[in-house]
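1. whatever this is, show me its structure:
(one chain, ligands or ions: 1)
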Amino acid sequence: MQMRFDGHLGFPGGCADPGEDAVDALNREMSEESSRAVRLRVCDGDRVVSHWSPDKRLLLHFFALEVTPDRLARIERGVLAAHDFGGEVLGTVRVPLFTMSDGYRGFPSFLRNQFIGNSRQQLLHGLVAKGIMTKEEIREALSAQPVFFDGSKEAVAS
Ligand SMILES: O=c1[nH]cnc2c1ncn2[C@H]1C[C@H](O)[C@@H](COP(=O)(O)OP(=O)(O)O)O1
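-> Reported below is the predicted structural model:
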């Protein structure tokens with residue numbers, strides 16, 4: 001994911017310009033938000049889910065690309081040389097897919113960050129769709145509570 005200028009986490013992307021389809025728009029945005037040397041490109045088959053937001057009147061498409069660890073490292077470095085780095089994009093962020101022994105730190109606490117739009121939902125949907133996590137693991141992470149030094153858990157507002 002990436003850290004945005006507004007302190008929210010989100011995915012590379014943005015609104016389509018007139019005449020662009022979702023694939024063209026995402027490929028353009030990725031070239032602005034990453035280094036041209038990385039040349040990230042999606043096609044329609046990489047689309048995982050689409051969601052209509054009635055409030056914003058936006059059709060939000062989520063795409064996922066599988067990359068090797070080496071390519072991921074090149075993408076992360078490429079962001080530092082991107083046109084939008086330091087402006088709209090402040091850096092890439094790896095999602096911790098582990099949970100520490102307290103049952104909270106790691107993936108569950110990561111989900112407590114601020115996410116733009118429905119990007120948290122897109123992340124969770126993508127993890128299940130790609131077979132990286134089960135729905136049960138996602139449910140557990142969403143319901144996990146921090147443990148304090150005295151062993152008590154955070155009070156949950158009802
Ligand atoms: O990663 C995202 N997942 C879902 N929705 C997102 C994501 N990033 C942005 N958004 C939403 C938030 C806004 O309603 C619009 C436009 O976002 P913005 O970052 O302002 O896009 P532009 O740079 O202006 O194209 O999408």
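
2. could you use CA atoms for every contact and neighbour count after this?
-> OK.

3. this structure: helices as residue ranges?
-> Using DSSP state H, the helices of the chain run over 22-33, 69-79, 107-110, 119-129, 135-143.

4. the third one: which residues count as buried?
-> Right, helix 107-110. By neighbour count on 16 or more other C-alpha atoms under 10 Å, the buried set for helix 107-110 is 107-109.

5. want to try a markdown table for those residues, with distance to residue 53 and pLDDT as columns?
-> A markdown table is the format used below for those (distance: C-alpha to C-alpha, whole Å; pLDDT from 0 to 100):
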| residue | distance to residue 53 | pLDDT |
| --- | --- | --- |
| 107 | 26 | 98 |
| 108 | 26 | 98 |
| 109 | 26 | 98 |
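
6. could you dump those into CSV and include distance to residue 48?
-> Rendered in CSV, the data for these read as follows (distance: C-alpha to C-alpha, whole Å):
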residue, distance to residue 48
107, 21
108, 23
109, 25
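
7. out of these, the closest to residue 133 would be?
-> Closest to residue 133 out of those is residue 107 (11.1 Å), distances taken as C-alpha to C-alpha.

8. that closest one against residue 97, yeah?
-> Yes - Residue 107 lies in contact with residue 97 (C-alpha atoms under 8 Å); the separation is 5.4 Å.

9. interface residues of the protein facing the ligand?
-> 10-11, 14-15, 116-119 (C-alpha under 6 Å from any ligand atom).

10. most neighbours among the residues you listed, which one?
-> When neighbours are counted by other C-alpha atoms under 10 Å, residue 10 leads those with 22 neighbours.

11. what residues are up against that one?
-> 1-4, 115-117, 119-120 (C-alpha atoms under 8 Å, 6 or more residues apart in numbering).

12. likewise residue 122?
-> Residue 122 is in contact with 49, 62, counting by C-alpha under 8 Å, 6+ apart.

13. can you tell me how far it is from residue 116?
-> 11 Å (C-alpha to C-alpha, to the nearest Å).

14. between these two, which contacts overlap?
-> In contact with both residue 122 and residue 116: no residue, using C-alpha under 8 Å, 6+ apart.

15. residue contacts, residue 107?
-> By C-alpha under 8 Å, 6+ apart, residue 107 lies in contact with 95-99, 141.

16. right, I mislabeled it, should have said residue 34
-> Neighbour list for residue 34: 75, 78-84 [criterion: C-alpha under 8 Å, 6+ apart].

17. what distance do you get for it to the ligand?
-> 14 Å (C-alpha to the nearest ligand atom, to the nearest Å).
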